[in-house]
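Participant: A predicted structure for the sequence below; I have some questions about it.
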Amino acid sequence: MNAGQQTSILIIYTGGTIGMIRNAETGALESFDFNHLLANVPELKQLNVNIGTITFTPPIDSSDMEPTLWARIVRIIEENYDKYDGFVILHGTDTMSFTASALSFMLEDLMKPVVLTGSQLPIGTLRTDGKENLITAIEIAAAKAADGTPMVPEVCVFFQDKLMRGNRTTKVNSESFGAFDSNNYPPLAMAGTDIQFYTRNIKKYVPGLKLKPHYEYNSNIIIFSLFPGIQQEVVEQVLLSKELKGVIFRTYGAGNAPQKKWLIDVLSKATAEGKIIINITQCAGGSVHMERYETGLQLLEAGVTSGHDSTVEAAITKLMYLLGKDLPPEEIRRRMSISFAGEISV
């Protein structure tokens with residue numbers, strides 16, 4: 001947008017609880033018409049922001065979100081990138097962190113805010129958190145630094161009072177208004193009486209970068225968690241499946257696994273076949289350090305790759321993204337170990 005023009009924000013409503021409003025006559029919850037957004041949320045008029053809206057028809061329950069729909073969101077952003085200063089994506093909470101993580105990789109060289117938000121209660125209920133989340137997300141997407149550049153030129157999630165890097169978030173509570181957390185990375189901003197931005201934590205704006213959208217993905221992967229008593233026959237059937245291309249391997253503590261010869265043999269055979277196995281911890285916070293203990297070192301020797309302090313959501317969407325590029329296994333392993341969009345601390 002040109003200097004001096006009113007800031008423009010595009011709201012993309014994909015579905016979710018936030019988009020429900022109660023019918024005054026029947027009492028039933030119905031999908032909210034975001035074409036009449038200002039009429040139903042008059043507080044937005046105080047923001048002095050030009051708002052456009054695009055609605056998925058029909059709206060998607062977040063349990064049904066999948067890579068083809070991520071690509072649809074990317075297409076919408078690409079087609080409207082030069083028309084708007086920022087984007088707000090309204091999304092169901094159950095898979096919001098997966099979508100935020102996927103978009104952080106699919107929108108390469110993004111230099112505008114993409115803020116995902118939603119709510120625990122429908123926007124049409126009395127105690128809804130939806131209005132607060134929506135209004136603040138729009139404020140954040142419209143926020144500019146003193147030099148006129150976007151305050152938050154990256155994919156992020158805003159919920160309750162916290163702005164978080166999208167690919168660092170996980171849904172941690174199904175009932176609390178504070179539904180999301182970012183255990184391994186500090187917040188980008190906090191919303192109180194004012195919105196306080198922590199610029200040291202935010203991706204730096206780089207002038208001249210042109211958005212490079214990506215649409216390729218390969219979802220022939222699984223999330224595989226260790227547990228006491230895990231059986232050899234089951235592990236072999238899963239990890240040596242012909243169709244399987246990659247595994248997000250959730251291990252104990254700092255990346256440890258039981259010292260069972262059969263397990264290491266299966267992992268070694270899988271990696272030798274070209275399967276990508278990424279080791280992340282089952283712990284809510286912390287990182288994988290396979291070289292620290294013998295129980296982790298054996299995995300490193302079997303060809304397992306460290307996922308560092310990645311969330312499950314970031315690890316699985318990043319692996320889908322890389323597998324979609326038909327790269328050699330060693331190149332994918334290398335790229336999984338470096339940070340693309342601030343998703344891991346290396």
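Facilitator: Noted; the coordinates are in hand.
Participant: In the chain, what helix or strand scores lowest on average pLDDT?
Facilitator: The helix or strand with the lowest mean pLDDT-type score in the chain, counting by mean pLDDT, DSSP states H and E, is helix 37-40 (a mean of 64).
Participant: quick one: the helices in the chain?
Facilitator: Assigned by DSSP state H, the helices in the chain fall at 37-40, 67-80, 96-106, 130-142, 232-239, 261-272, 294-301, 312-323, 329-336.
Participant: for these, which one ends up most surrounded?
Facilitator: helix 96-106 (a mean of 27; mean count of other Cβ atoms under 10 Å). For glycine as for every other residue, the C-beta is placed from the backbone atoms N, C-alpha and C.
Participant: Quick one: list the elements packing against that helix.
Facilitator: helix 67-80, strand 114-117, strand 155-159, strand 170-171, helix 312-323 (3 or more Cβ pairs under 8 Å, 6 or more residues apart in numbering; DSSP states H and E).
Participant: which of these has the lowest average pLDDT?
Facilitator: Ranked by mean pLDDT, those bottom out at strand 170-171, which scores a mean of 92.
Participant: which other residues reach that one?
Facilitator: For strand 170-171, the external contacting residues (Cβ atoms under 8 Å, 6 or more residues apart in numbering) are 93-94, 96-97, 179-183, 284, 311-313.
Participant: Also stretch 172-187?
Facilitator: For stretch 172-187, the surrounding residues in contact (Cβ under 8 Å, 6+ apart) are 93, 96-97, 120, 129, 157, 159-165, 168-171, 198, 201, 284-287, 309, 311, 342, 345.
Participant: same deal with stretch 249-256?
Facilitator: By Cβ under 8 Å, 6+ apart, the list of residues contacting stretch 249-256 from outside reads 223-226, 257, 277-283, 286-290, 292-293, 295-296, 299, 304, 306, 312.
Participant: What of stretch 285-304?
Facilitator: Applying Cβ under 8 Å, 6+ apart, the external contacts of stretch 285-304 come out as 183-184, 249, 251-259, 264, 267-268, 271-272, 277-281, 306-309, 345.
Participant: where in the protein is pLDDT low?
Facilitator: When residues are selected by pLDDT under 70, those of the chain lie in 1-4, 22-24, 27-40, 123-124, 126.
Participant: Break it down into its domains, please.
Facilitator: Using automatic domain parsing, the domains assigned to the chain come out as 8-213, 221-336.
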